[in-house]
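**Student:** below is the sequence, then the predicted model.
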Amino acid sequence: MTRARLLVVCVVVVVAGCGGLAGSDGADGNTVNPALEGTPTATPTPTASPVPTPTVSPTPTETPTLPEALPPALGPETVDAGRLAASHARSLASQSRTVVRTITVRSTDGELLGRSRVVLRDDGDPRGGRLAVVQTVSGPRPGAVDLGERNVSYWGNDSLTVSRTESADGNVTYGFDRTPFPPIARSDTTGQAAVAFAFRAANVTRVSRVGTTDPVFLVEGSAAVDSAYEAYDVRLTATVEPSGVVRSFEVTYTRDRGGQLRRVTRRFRVTNRDATTVSRPSWYRQAVAAGTDGETATPRTRVGPRPCAGVA
């Protein structure tokens, strides 16, 4: 009897609990706490809408642009060496100028064998003005690498030419010639041959503009082998003006001379344009006196340094 009564009580509790969770069968179906009757119901807070994140477009990569007019004979990756050299010479012909050419020869392990430095100063007078050439050599064996062994200076105008030669042992001789500076000496005071050599030895690989107020073009080039000059591992960097004037260049290469490899560096630059003066050298009177006495004469066909294309 006691067990049956307990079972009935459990059933009533479970049924009542289910009815409390599901709601009653009354008219409104809600049970209101009398103590909360009349209290306003809080309005639910609206859910904020997500703010879209703006998409940032990638910054376009700037492509280097070249000006409309490249120097004559020069393209983005090409060059006509002969035309560029001729344009260079033509642009400089009527300007006074100083041209500096240096050739350095080393062994493959870096030992200096010889160096030649030529400085040409021209007053720019097309009728045959004053011209001065100074060639100096240095290093332990400059003669062995075809750079010569004498320091030679020349000065001339439209009526005479004088020279000063200093040998390796310090002996000095002077020369005098009552003729204008020979054409062979005037033929390359702009460095035309040197420019042609440099740009023929290497293949241009890149041309880029540098600067805004005074823009120039940086030219880079290379060549594994240049059979014309028997050169290997050629590297070129040059600075060229829009007019075609080559302000400077450096070209390096390796040559095999008699089974010995040599690393050659040629540097070139043009300075003091329209600001170069060519005054008489300090040894002018000694040269005139030596020539008057018949001591020494300057051969007309060999005045001035040799063309640089075959050196080293």
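**Tutor:** The structure has been received and is ready for your questions.
**Student:** in the strand or helix carrying Ala194, what's buried?
**Tutor:** Ala194 belongs to helix 192-201 when assigned by DSSP states H and E. Buried residues in helix 192-201, counted by 16 or more other C-beta atoms under 10 Å: Gln192, Ala193, Ala194, Val195, Ala196, Phe197, Ala198, Phe199, Arg200, Ala201. Where you see a C-beta, it was placed from the backbone N, CA and C, and this is true even at glycine.
**Student:** what's the closest of those residues to Leu147?
**Tutor:** Set against Leu147, the nearest of the buried residues of helix 192-201 by C-beta to C-beta is Ala194 (14.8 Å).
**Student:** the closest one reaches Val270, doesn't it?
**Tutor:** No. Applying C-beta atoms under 8 Å as the test, Ala194 and Val270 come out as separate, 10.5 Å apart.
**Student:** can you get me a residue count around the closest residue to Val162 other than its chain neighbours?
**Tutor:** Ranked by C-beta to C-beta, 6 or more residues apart in numbering and with sequence neighbours excluded, the top spatial neighbour of Val162 is Ala287, at 3.7 Å. Neighbourhood size, Ala287 [other C-beta atoms under 10 Å]: 27.
**Student:** surely Ala287 forms part of a strand?
**Tutor:** No. The assignment for Ala287 is helix, going by DSSP: H, G, I helix; E, B strand; the rest coil, so no strand is present there.
**Student:** pLDDT score for it?
**Tutor:** Looking at Ala287, its pLDDT is 93.
**Student:** what sits against it?
**Tutor:** For Ala287, the contacting residues are Val162, Ser163, Arg164, Tyr174, Gly175, Phe176, by C-beta atoms under 8 Å, 6 or more residues apart in numbering.
**Student:** shaky segments in the protein?
**Tutor:** Within the chain, the ranges that satisfy pLDDT under 70 run 1-68, 128, 182-187, 292-312.
**Student:** just the helices in it please.
**Tutor:** Under the criterion DSSP state H, helices of the chain are mapped to 2-22, 81-92, 183-186, 192-201, 284-292.
**Student:** and the fourth one, what does it pack onto?
**Tutor:** Under the contact criterion of 3 or more C-beta pairs under 8 Å, 6 or more residues apart in numbering; DSSP states H and E, the helices and strands touching helix 192-201 comprise helix 81-92, strand 216-226, strand 231-240, strand 246-257, strand 260-271.
**Student:** specify the angle between it and helix 81-92 in degrees.
**Tutor:** Interaxial angle, helix 192-201 versus helix 81-92 (axes from the mean of the first three to the mean of the last three C-alpha atoms, to 10 degrees): 150 degrees.
**Student:** dump helix 192-201 to CSV, restricted to CA.
**Tutor:** Taking Å, rounded to 0.1, in the frame of the first residue of the first chain, the C-alpha atoms of helix 192-201 are listed here in CSV:
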residue,chain,number,x,y,z
GLN,A,192,85.9,59.5,-80.8
ALA,A,193,88.0,56.4,-81.4
ALA,A,194,87.9,55.5,-77.7
VAL,A,195,84.1,55.8,-77.6
ALA,A,196,83.7,53.6,-80.7
PHE,A,197,86.0,51.0,-79.2
ALA,A,198,84.1,50.8,-75.9
PHE,A,199,80.6,50.5,-77.4
ARG,A,200,81.7,48.0,-80.0
ALA,A,201,83.4,45.7,-77.5
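**Student:** tell me the one among the buried residues of helix 192-201 nearest to Val118.
**Tutor:** For the buried residues of helix 192-201, the residue nearest Val118 by C-beta to C-beta is Ala194; the value is 9.4 Å.
**Student:** from Ala85, how far out is the closest one?
**Tutor:** For Ala194, the distance to Ala85 (C-beta to C-beta, to the nearest Å) stands at 8 Å.
**Student:** ok, Gly170 next?
**Tutor:** From Gly170 across to Ala85, the span is 38 Å (C-beta to C-beta).
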